[in-house]
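Peer 1: have a look at this prediction, sequence included:
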Amino acid sequence: MSPKPISRRRALVLGGLGVAGLAAGAAGWLSIAQTGGGFAPDASGAPLRQPSILDSHGGRLQVELTAASGVRLAGRASAALGFNGTSPGPTLRVRPGDELAVRLTNRLDQPTNLHTHGLRVSPQDDGDNPFRRIDPGAWFDYRYRIPPEHPAGTFWYHPHHHGTVADQLFGGLAGALLVDHGPDLPVTDDRVLLITDTTLDADGRVVAPGPMERMMGRQGTLVLVNGQHQPVIPATPGATQRWRLINGCVSRVLAIRLDGHSLTQVALDGAFLPAPLPRDRVQLAPGNRVDVIVRPTGPGDYRLLTDAVDRGGLRGRRGGEAISEPTTLATMTSAGTPVSAPPLPAALPADIPPAGPVTRSRRTGFQMGMGAGGMRFTIDGRGFDPDRDDQIVRLGATEDWTITNPGPLDHPFHLHIWPFTVLASSDDAAPTGTTQDVVPVPAGGWVRIRIPFDAHPGRTVYHCHNLDHEDLGMMATINVQE
Ligand code: C2O
Ligand code: CU
Ligand code: CU
């Protein structure tokens, strides 16, 4: 990349953070993406593999995870990162009431730690504590006590050391975490599809983003499913499968559809919906999970696609529609004698929080603005400070929060530990009534959510799950006190 276009982009940014400046920057980034890389994926079209599953027994799962460089990605050797030599790392499968013990060993050349995204567990001490720092060569024993009433569903784990989260996730450090416990859906296959993106050079090294890419949120040239490039998902006409879609990308929004099929959504962010919901397309902000049931209509090859989604900078010019060709994630190959599967249950065990009285309302907002060193990414005008309490909440409170975003980019809001329901938003998206843990806050808009702080006192964080923004400071602390 020559220095000239960078200074042109900088000039556009400095010239005012207008939509036009961002649009030009975004176009520049697309051309970087097209010329960058040089890594040729291999083994496209191989059957989709599942990461190895580590299952709890007798109420306990004890695992060792080692984060290190050197994994196979897209069918080739690479210097990308993984847990226990693979990217994604192993799938951890536990049940409500279990104890999950993880010894994380850091064989990277920078600090790391572990976050169990979406899990409703204690944020304190050796729990899901994002303030913990594990230096190179060190290890730490995490212990997560999963409450007996924890919903069953799809969660995931990834590093959360402020400043290196985006690099380490882009490098390949992620894995699925399943809480397993009824209802038994009538499916022949239950698959994890952990979607990540990255950019590798010809030698298989992860490519660092430029300043504009960090500002927009980097998007890799390779979009992978379970670390594979465009694998094949075997299927039988009529036989239903459950696909647990996890958006593990640093900042890419996924808008997923399957050629010739509708998808039946059964869960969002680790909690069932009240009833199966047919969808033409499911949209996942970074961090979101959507579980869908797929019933192949007949024999044939059907592409699983993600449409490119405008993340704010181009809105208005293109009306929020797809801004480039869709990307093929995988191909479902349906063959064999058609079978008939039993119907899905009409009602699912949804996670609908009790309608308790709202004890307090507050506002908090994502902000982008010019500072001395360039673009500043803040919450309520302040960059992340792990030692400052930004929100103090009483344990037992139920609060309504309005998350504002006056800027020109969408920001996916994520709160650890306490899931929320979406009440309303400036773009009139229909609330599901059930809990979730990431919600996109539209550019120039707002989202209102309800959060029951009914358990797990302690300090943790909320942030933009465009993880470049989070690493640049768009994160704040919350202290829930007894
Ligand atoms: Cu998926 Cu605070 O993160
Ligand atoms: Cu999280
Ligand atoms: Cu953001």
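Peer 2: Thanks, I have the structure now. Ligands and ions are numbered 1, 2, ... in the order given.
Peer 1: tell me what Arg60 is bridged to.
Peer 2: His57, Glu99 (DSSP bridges).
Peer 1: tell me the spacing between it and ligand 2.
Peer 2: Here the criterion is Cβ to the ion, to the nearest Å. By it, Arg60 lies 23 Å from ligand 2. C-betas here are computed from N, CA, C, even on glycine.
Peer 1: pretty sure Met375 contacts Gln367?
Peer 2: No: in this structure, Met375 is not within contact of Gln367 by Cβ atoms under 8 Å, at 10.7 Å.
Peer 1: for the record, mean pLDDT for stretch 90-100?
Peer 2: Mean pLDDT, computed over stretch 90-100, is 98.
Peer 1: an error on my part: the question was meant for stretch 242-254.
Peer 2: Average pLDDT, stretch 242-254: 98.
Peer 1: okay, now the residue of the stretch 251-400 of the chain found nearest ligand 1: neighbour count?
Peer 2: With Cβ to the nearest ligand atom, the shortest gap between the stretch 251-400 of the chain and ligand 1 falls at Gly287, namely 4.6 Å. Using other Cβ atoms under 10 Å, the number of residues around Gly287 comes to 25.
Peer 1: is it true that it touches Val439?
Peer 2: No: contact criterion Cβ under 8 Å: Gly287 and Val439 do not qualify, at 9.9 Å.
Peer 1: list residues touching both of the two?
Peer 2: Jointly contacting Gly287 and Val439 under the rule Cβ atoms under 8 Å, 6 or more residues apart in numbering are Pro412.
Peer 1: for the closest residue to ligand 2 within the chain, give me its contacts.
Peer 2: Closest contact between the chain and ligand 2, by Cβ to the ion, is at His117 (3.7 Å). Contact analysis of His117 by Cβ under 8 Å, 6+ apart lists Phe155, Trp156, Tyr157, His158, Leu177, Gly287, Asp437.
Peer 1: report pLDDT for it.
Peer 2: pLDDT, His117: 98.
Peer 1: before we move on, what about Gly36?
Peer 2: We have a pLDDT of 45 for Gly36.
Peer 1: burial count for Asn106?
Peer 2: Counted with other Cβ under 10 Å, the neighbours of Asn106 add up to 24.
Peer 1: near ligand 3, which residues of the stretch 301-450 of the chain?
Peer 2: His411 (Cβ under 5 Å from the ion).
Peer 1: show me the strands in the stretch 301-450 of the chain, by range?
Peer 2: 327-334, 360-371, 374-379, 391-394, 398-405, 411-415, 421-425, 438-441, 445-452 (DSSP state E, counting those that start in this stretch).
Peer 1: can I get the ones you listed in TSV with mean pLDDT and distance to ligand 2?
Peer 2: Shown next, in TSV, are the strands of the stretch 301-450 of the chain (pLDDT from 0 to 100; distance: least, Cβ to the ion, whole Å):
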stretch	mean pLDDT	distance to ligand 2
strand 327-334	98	23
strand 360-371	95	16
strand 374-379	93	15
strand 391-394	98	16
strand 398-405	98	16
strand 411-415	98	5
strand 421-425	95	17
strand 438-441	97	8
strand 445-452	96	14
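Peer 1: okay, the ones you listed in JSON lines with mean neighbour count next?
Peer 2: Formatted as JSON lines, these follow (neighbours: other Cβ atoms under 10 Å):
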{"stretch": "strand 327-334", "mean neighbour count": "21"}
{"stretch": "strand 360-371", "mean neighbour count": "15"}
{"stretch": "strand 374-379", "mean neighbour count": "20"}
{"stretch": "strand 391-394", "mean neighbour count": "15"}
{"stretch": "strand 398-405", "mean neighbour count": "19"}
{"stretch": "strand 411-415", "mean neighbour count": "26"}
{"stretch": "strand 421-425", "mean neighbour count": "17"}
{"stretch": "strand 438-441", "mean neighbour count": "25"}
{"stretch": "strand 445-452", "mean neighbour count": "20"}
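Peer 1: how does this protein divide up, domain by domain?
Peer 2: Domain ranges of the chain: 189-334, 360-481, per automatic domain parsing.
Peer 1: gap between the two ends of the last one?
Peer 2: Taking Cα to Cα, to the nearest Å, the first and last residues of domain 360-481 lie 15 Å apart.
Peer 1: quick one: that domain to chain centroid distance?
Peer 2: Relative to its parent chain, domain 360-481 has a centroid offset of 15 Å by Cα atoms, centre = their mean, to the nearest Å.
Peer 1: what residues does this structure have near ligand 1?
Peer 2: Within reach of ligand 1 by Cβ under 6 Å from any ligand atom, the chain has these residues: His115, His117, His158, His160, Gly287, His414, His416, His463, His465.
Peer 1: in this structure the last one contacts Leu284, no?
Peer 2: Read that as His465. No: using Cβ under 8 Å, His465 is not in contact with Leu284, being 10.7 Å away.
Peer 1: which SSE is the residue positioned nearest the centre of the chain in?
Peer 2: For the chain, the residue nearest the mean C-alpha position is Gly287 (1.7 Å; Cα atoms, centre = their mean). If you go by DSSP states H and E, Gly287 is not part of any helix or strand.
Peer 1: shift numbering so it begins at 723
Peer 2: Noted, 723 is the first residue going forward, which turns the last one into Gly1009.
Peer 1: for it, give me its contacts.
Peer 2: Applying Cβ under 8 Å, 6+ apart to Gly1009 gives the contacts His839, Asn969, Pro1134, His1136, Asp1159, Val1160, His1187.
Peer 1: go again with 7 Å.
Peer 2: His839, Asn969, Pro1134, His1136, Val1160, His1187 (Cβ atoms under 7 Å, 6 or more residues apart in numbering).
Peer 1: ok, now which ones touch whichever residue of the stretch 1023-1172 of the chain sits closest to ligand 3?
Peer 2: In the stretch 1023-1172 of the chain, the residue found nearest to ligand 3 is His1133; the distance is 3.4 Å by Cβ to the ion. The contact partners of His1133, taken as Cβ under 7 Å, 6+ apart, are Phe1088, Asn1127, Val1163, Cys1186, Asn1188, His1191, Met1196.
Peer 1: next one: it from Ala1007, what distance?
Peer 2: According to Cβ to Cβ, to the nearest Å, His1133 and Ala1007 sit 9 Å apart.
Peer 1: ditto for Pro873
Peer 2: 20 Å.
Peer 1: the two - which one has more neighbours?
Peer 2: Comparing Pro873 with Ala1007 by other Cβ under 10 Å, the one with more neighbours is Ala1007, at 25 against 22.
Peer 1: ok, what's across the strand from the residue lying closest to the more buried one once chain neighbours are set aside?
Peer 2: Excluding the flanking residues, the one nearest Ala1007 by Cβ to Cβ, 6 or more residues apart in numbering is Pro1134, at 3.8 Å. Going by DSSP bridges, Pro1134 is paired in beta bridges with Pro1162.
Peer 1: then Leu944?
Peer 2: Beta-bridge partners of Leu944, counted by DSSP bridges, are Thr920.
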